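S.K.: Pasting the sequence and the predicted model now:
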Amino acid sequence: MDFITGLPKSKGFEAIFVVVDRLSKYAHFILLKRPYSARSLAETFTKEVVRLHGIPESIVSDRDPIFVSNFWQELFKQQGTFLKFSTAYHPQTDGQTEVVNRCLETFLRCFIVDQPKTWAMWLPWAEYWYNTTFHASTGTTPFEVVYGRSPPVITNYLPGEVKVEAVQRDLADRDECLRQLKHHLSRASDRMKTQADRHRKERSFEVGDLVFLKLRPHVQQSVAARICPKLSPRYFGPFKVIERVGAVAYRLELPPTSRIHPVFHVSLLKKAVGDAVVNSTLPASLEASEDSIWEPETALEQRTVIRHDISISQVLIHWKNKPIEEATWEDKDFIIGQFPSFSLEDKAVSLGGGNDSAQTKEKGKPVIWRVYQRRNKKLK
């Protein structure tokens with residue numbers, strides 16, 4: 001799954017949520033309105049995908065803040081779904097949806113070049129023809145894989161057979177749309193496969209090798225203040241390879257102060273030749289933003305749980321720069337040890353003694369719901 005954002009507003013929608021089944025290649029293109037959160041996206045996913053296909057066994061996605069949020073991870077953990085995230089700065093890991101995104105963008109670009117705010121109207125037809133188009137990798141169409149039969153035939157429009165002018169125009173537009181969608185899908189798929197195969201080559205490293213790391217091109221200008229951004233560095237390091245993760249990813253020994261993910265795709269690495277000194281710093285612009293720093297803001301609730309026959313005191317922590325849905329239950333001793341300057345006094349409202357379940361309820365409502373309601377009342 002992935003997002004297509006930056007689209008002009010069309011009927012109130014500004015983004016597309018792309019979900020592709022890795023087995024059948026069946027895709028769903030879901031309209032989204034901003035702002036959307038992990039909770040609202042989970043509701044949309046349930047309504048548009050789960051109700052048709054059930055709970056997925058695993059999900060491959062990039063490291064979007066929604067996908068790495070506590071709410072999203074805990075929700076699918078309870079459902080038994082294994083979440084797989086792409087390696088840092090390598091969107092090809094989620095190549096399935098990345099390719100579909102490019103195809104879909106090509107389709108929409110062909111139809112809305114003169115009227116860019118009408119893209120939402122063409123999205124259902126784009127989804128239908130993608131799912132009923134023959135895929136060389138599966139040897140059939142996604143529709144046949146999912147439903148076990150060929151897709152129903154859409155009757156071609158014949159001029160002069162329709163009496164109502166509005167219906168005649170709609171049918172003519174539909175036929176033209178379907179014809180062009182199928183043509184562009186085939187052409188885009190062939191072109192992207194040819195281009196990707198042209199630049200691929202085998203490359204591998206051993207544990208202990210020193211490698212240079214290629215970082216995001218759009219950050220190059222902020223790495224060093226230079227008159228000509230084309231001359232700013234593309235590679236940093238070298239850094240030591242400490243582990244091979246899978247077949248095409250490696251874990252690097254980054255500086256202790258670094259807060260970026262240490263696993264990178266092999267295409268971002270280049271072996272250091274000759275004598276090289278391991279770099280101990282990374283550019284400040286490549287470090288994590290404030291939103292990725294976890295620091296407690298408020299203790300919302302307290303509870304006592306039994307763990308291995310021992311009573312453990314826990315507090316519900318609302319983290320800074322995080323929505324209320326991201327509040328988590330943490331051991332009180334852990335919070336005191338990790339954040340000694342954070343005072344729990346007069347901040348948490350105790351629910352009393354006793355053993356509470358993982359989601360303490362009052363009148364059938366969870367703790368986070370009650371806190372959210374109290375905050376809404378204050379705002380009103």
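M.R.: Ah, there it is. Residues are numbered from 1 along each chain as shown.
S.K.: is it true that Trp122 touches Phe107?
M.R.: Yes. With contact defined as CB atoms under 8 Å, Trp122 reaches Phe107; the gap is 7.3 Å. Where C-beta positions appear, they are placed from N, C-alpha and C, glycine not excepted.
S.K.: Within the helices and strands, which one has the residue lying closest to Ser150 once chain neighbours are set aside?
M.R.: Leaving out its chain neighbours, the residue that sits closest to Ser150 by CB to CB, 6 or more residues apart in numbering is Glu144, at 6.0 Å. Applying DSSP states H and E as the criterion places Glu144 in helix 142-147.
S.K.: Okay, buried residues for that helix please.
M.R.: Neighbour-count burial for helix 142-147, counted by 16 or more other CB atoms under 10 Å, picks out 142-146.
S.K.: I'd like the average pLDDT over it.
M.R.: Here helix 142-147 scores 85 as its mean pLDDT.
S.K.: Equivalent analysis for stretch 115-134, please.
M.R.: Mean predicted confidence for stretch 115-134 is 84.
S.K.: circling back: distance of the residue nearest to Ser150 from Pro124?
M.R.: 20 Å (CB to CB, to the nearest Å).
S.K.: sorry, back to before: compare Trp122 and Phe107 and say which one has the larger neighbour count.
M.R.: Phe107 (26 against 19; other CB atoms under 10 Å).
S.K.: ok now the helix or strand the more buried one falls within, how far from the chain's centre?
M.R.: Using DSSP H and E, Phe107 sits in helix 95-111. Centre-to-centre, helix 95-111 and its host chain are 17 Å apart (CA atoms, centre = their mean, to the nearest Å).
S.K.: same deal with stretch 5-17?
M.R.: Worked out by CA atoms, centre = their mean, stretch 5-17 lies 17 Å from the chain centre.
S.K.: same thing with stretch 189-206?
M.R.: For stretch 189-206, the distance to the chain centre is 24 Å (CA atoms, centre = their mean).
S.K.: C-alpha coordinates for it, PDB please?
M.R.: Coordinates of each C-alpha in stretch 189-206 appear next as PDB, following Å, rounded to 0.1, in the frame of the first residue of the first chain:
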ATOM      1  CA  SER A 189       4.400  -1.500 -18.100                       C
ATOM      2  CA  ASP A 190       6.700  -2.400 -20.900                       C
ATOM      3  CA  ARG A 191       8.600   0.900 -20.800                       C
ATOM      4  CA  MET A 192       9.300   0.700 -17.000                       C
ATOM      5  CA  LYS A 193      10.400  -2.900 -17.100                       C
ATOM      6  CA  THR A 194      12.900  -2.100 -19.900                       C
ATOM      7  CA  GLN A 195      14.300   0.900 -18.200                       C
ATOM      8  CA  ALA A 196      14.700  -0.900 -14.900                       C
ATOM      9  CA  ASP A 197      16.500  -3.900 -16.400                       C
ATOM     10  CA  ARG A 198      18.900  -1.600 -18.200                       C
ATOM     11  CA  HIS A 199      20.400  -0.200 -15.100                       C
ATOM     12  CA  ARG A 200      20.500  -3.200 -12.800                       C
ATOM     13  CA  LYS A 201      23.700  -5.100 -12.000                       C
ATOM     14  CA  GLU A 202      24.800  -7.600  -9.400                       C
ATOM     15  CA  ARG A 203      26.600  -6.200  -6.300                       C
ATOM     16  CA  SER A 204      27.300  -7.700  -2.900                       C
ATOM     17  CA  PHE A 205      29.400  -6.900   0.200                       C
ATOM     18  CA  GLU A 206      30.800  -8.800   3.100                       C
END
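S.K.: would you list every one of the strands in the stretch 151-300 of the chain?
M.R.: 210-214, 235-245, 249-253, 263-265, 269-271, 296-307 (DSSP state E, counting those that start in this stretch).
S.K.: Kindly report the same for the stretch 1-150 of the chain.
M.R.: Per DSSP E, counting those that start in this stretch, the stretch 1-150 of the chain carries strands over the ranges 2-4, 15-20, 27-32, 58-61, 82-85.
S.K.: quick one: average pLDDT of the first one?
M.R.: Averaged across strand 2-4, the pLDDT comes to 88.
S.K.: That concludes my questions; thank you for your assistance.
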